[in-house]
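Chemist: Need a 3D model of the following:
(one chain, ligands or ions: 2)
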Amino acid sequence: MKFSYQNTTQILFGQGQISAISQTIPTNSRVLVVYGGGSIKHNGVYDQVAAALSDHQWQEFSGVEPNPTKETLDKAVEIVKCDHIDFILAVGGGSVIDGSKYIAAAAHYDGDGWDILTGQHQVSSATPLGAILTLPATGSESNSGAVITKSETQDKLAFLSPYVQPAFAVMDPDVMKTLPDRQLVNGLVDAWVHVCEQYLTFNHGHMVQDGYAEVLLRNLKQLAEQFDQRDSDVWRENLMWTANQALNGLIGSGVPHDWATHMIGHELTALWHVDHARSLAIVQPSLLRNQIEHKRAKLEKLGTEVFKLDAGEDLANRTIVALEAFYHQLGVATQLTEHNGDKQHAVDNVIEQLEKHGMIKLGENQAITLKESRAILEQAIA
Ligand code: NZQ
Ligand code: ZN
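Modeler: Ligands and ions are numbered 1, 2, ... in the order given. Take a look at the predicted model:
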């Protein structure tokens, strides 16, 4: 085990914490408040932000869409550059926070911001940013990653940079009260798959990472089983904190990672606008079946420690069945139906995109070549 780990984001957790931003954002900053389609205008979050920033100079940029596009975000990059913005406050879910990370990095670059996603430009500075999370799912509020779409070419790519790690993350579970069930379910599923991507690889014996991953998975399973209690403070608090811990870097330190489900899932979102979490539920069961020999030991551990299944030769298979049942119980499909019905064309389309994006050796063993991806998609696409 060998790693370097730090998470510099200050977490401000709990009811009423939005007001704390009046202290955490320097009062001499020129602030750009970035948000999405307007949900924050209907649930009191915008008003709380405005009240907290009453002593700050601030302006706003709205309209960041789910699966944020560079085309929209570039308009905010211009504002940051022209108006000498020196702090960005992201108020929203993963899309708004990721979008703000792109804005922060692209504003410190003279070229096309998309170069950051293709790797042509290495981020070496960015406008400081903070986040007010309104949808627990991605962990973006306290990690250094962002996923951005170029709608012109249907490319959805990720970048990582310590320069876009939020300085703080406000997590007030009360903001979840207006989340539609669909988004709550998405949060459960996305956090679940984040843990799996860092856990369901091969046996390495690292007890802290494995043990904590299992705690997070058991939490998510229990929260799904108690979905009828989603209107309670404790249910909201537990989901918000669990989803954060799933992708804040800790359980992934010093262990192998997979992320193939995410990479293939991103293509489904780019092509057919499938919700991020739902793209993962479509890909993951077929991917696990395809990779069962590599992943057998960890699938068995998941089956025993999380699903409480009995030992036996077919345990890995039964674990995948239990995992599918977990998604189905939440009303989440495990096959793609959003394409126009021509399955072969859909499979070819995804394979072309994966190849274009260099996703030709995915997974912890780099064993998921385009041939394996094709086999996975044959199962995952209806
Ligand atoms: O646009 P608004 O009005 O805010 O509405 C949003 C949006 O329509 C709504 N919403 C958010 N908070 C709400 C609310 N509605 C009512 N009440 C609230 N409190 O929910 C809808 C979905 O929001 P979005 O931000 O798109 O969802 P999510 O948080 O699931 O983010 C998904 C994006 O994050 C990326 C995904 O690829 C996708 O683009 N990811 C980012 C990661 C990261 N940075 O580490 C990792 C993830 O694996 C993921 O790839
Ligand atoms: Zn995800």
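Chemist: What's the separation between the most centrally placed residue in the chain and Ile292?
Modeler: In the chain, the centroid-proximal residue (CA atoms, centre = their mean) is Thr138; its distance is 2.9 Å. Noted for Thr138: a distance of 28 Å to Ile292, by CB to CB, to the nearest Å. For the C-beta atoms, the positions are set from N, CA and C on the backbone; glycine is no exception.
Chemist: same question for stretch 285-294, mean pLDDT?
Modeler: Stretch 285-294 comes out with an average pLDDT of 98.
Chemist: what do you get for stretch 35-48?
Modeler: Computed over stretch 35-48, the mean pLDDT rounds to 97.
Chemist: got the buried residues for that stretch?
Modeler: By neighbour count on 16 or more other CB atoms under 10 Å, the buried set for stretch 35-48 is 35-36, 39-40, 43, 45-46, 48.
Chemist: follow-up on the earlier one: do I have it right that the residue nearest to the centre of the chain meets Gly92?
Modeler: No. Judged on CB atoms under 8 Å, Thr138 makes no contact with Gly92 at a distance of 10.7 Å.
Chemist: can you pull the buried residues of the host helix or strand of Ala224?
Modeler: Using DSSP states H and E, Ala224 sits in helix 207-225. Burial within helix 207-225, assessed by neighbour count using 16+ other CB under 10 Å, is assigned to 209-210, 212-217, 219-221, 223-224.
Chemist: same deal with stretch 148-166?
Modeler: 148-150, 154-157, 159, 161, 163-166.
Chemist: What of stretch 49-65?
Modeler: 49, 52-53, 56, 58, 60-62, 64-65.
Chemist: As a markdown table, those residues with distance to Phe202 would be great.
Modeler: Below are the buried residues of stretch 49-65 laid out as a markdown table (distance: CB to CB, whole Å):
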| residue | distance to Phe202 |
| --- | --- |
| Val49 | 45 |
| Ala52 | 47 |
| Leu53 | 48 |
| His56 | 50 |
| Trp58 | 49 |
| Glu60 | 47 |
| Phe61 | 44 |
| Ser62 | 45 |
| Val64 | 38 |
| Glu65 | 38 |
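Chemist: Among the residues you listed, which lie within strands?
Modeler: Among the buried residues of stretch 49-65, the ones falling in strands (DSSP state E) are 58, 60-61.
Chemist: Turn these into CSV, columns for distance to ligand 1.
Modeler: Converted to CSV, those look like this (distance: CB to the nearest ligand atom, whole Å):
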residue, distance to ligand 1
Trp58, 18
Glu60, 13
Phe61, 12
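Chemist: Could you dump these into CSV with pLDDT and distance to Thr304 added?
Modeler: Putting those into CSV (pLDDT from 0 to 100; distance: CB to CB, whole Å) gives the following:
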residue, pLDDT, distance to Thr304
Trp58, 98, 52
Glu60, 98, 50
Phe61, 98, 48
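Chemist: still on that earlier bit, if we look at ligand 1, which of the buried residues of stretch 35-48 are close to it?
Modeler: 36, 39, 43 (CB under 6 Å from any ligand atom).
Chemist: The last one against Leu179, yeah?
Modeler: No. Contact between Asn43 and Leu179 fails when scored by CB under 8 Å: they sit 9.1 Å apart.
Chemist: what do these two both touch?
Modeler: Shared contacts of Asn43 and Leu179, defined by CB atoms under 8 Å, 6 or more residues apart in numbering, comprise Thr134.
Chemist: in what helix or strand does the residue nearest to the centre of the chain lie?
Modeler: Assigned by DSSP H and E, Thr138 falls outside every helix and strand.
Chemist: Who are the contact partners of the closest residue in space to it that isn't next to it in sequence?
Modeler: The spatially closest residue to Thr138, leaving aside those adjacent along the chain, is Gly94, at 3.2 Å (CB to CB, 6 or more residues apart in numbering). Residues near Gly94 by CB under 8 Å, 6+ apart: 135, 137-138, 140, 147, 190, 276.
Chemist: So which residues on the chain come close to ligand 1?
Modeler: Counting by CB under 6 Å from any ligand atom, the chain sits next to ligand 1 at 36-39, 43, 66-67, 92-96, 98, 134-135, 137-140, 143, 145-147, 175-176, 178-179, 183, 186, 190, 247, 262, 276.
Chemist: what are the ranges of the strands in the stretch 151-300 of the chain?
Modeler: 155-160, 168-171 (DSSP state E, counting those that start in this stretch).
Chemist: so what pLDDT did the nearest residue to Gln226 once chain neighbours are set aside get?
Modeler: Once flanking residues are discounted, Gln226 sits nearest to Trp235: 6.4 Å by CB to CB, 6+ apart. pLDDT recorded at Trp235 is 98.
Chemist: try the one 3 residues further on
Modeler: Taken from the predicted model, the pLDDT recorded for Asn238 is 99.
Chemist: what's the neighbour count on it?
Modeler: 19 (other CB atoms under 10 Å).
Chemist: My read is that it contacts Lys221, right?
Modeler: No. Using CB under 8 Å as the test, Asn238 is too far from Lys221 to be in contact (11.8 Å).
Chemist: neighbours around Glu141, how many?
Modeler: There are 30 residues near Glu141, going by other CB under 10 Å.
Chemist: Give the helix, strand or coil label for it.
Modeler: Counting by DSSP: H, G, I helix; E, B strand; the rest coil, the backbone at Glu141 sits in helix.
Chemist: Please list all residues in contact with it.
Modeler: Taking CB under 8 Å, 6+ apart, one finds 9, 97, 131, 133, 166, 169, 171, 244 in contact with Glu141.
Chemist: quick one: the first one from ligand 1, how far?
Modeler: Shown here: Thr9 relative to ligand 1, a distance of 12 Å by CB to the nearest ligand atom, to the nearest Å.
Chemist: Skip the chain neighbours and tell me the closest residue to that residue.
Modeler: With CB to CB, 6+ apart as the criterion, Thr9 has its nearest non-adjacent residue at 3.8 Å, and that residue is Ser142.
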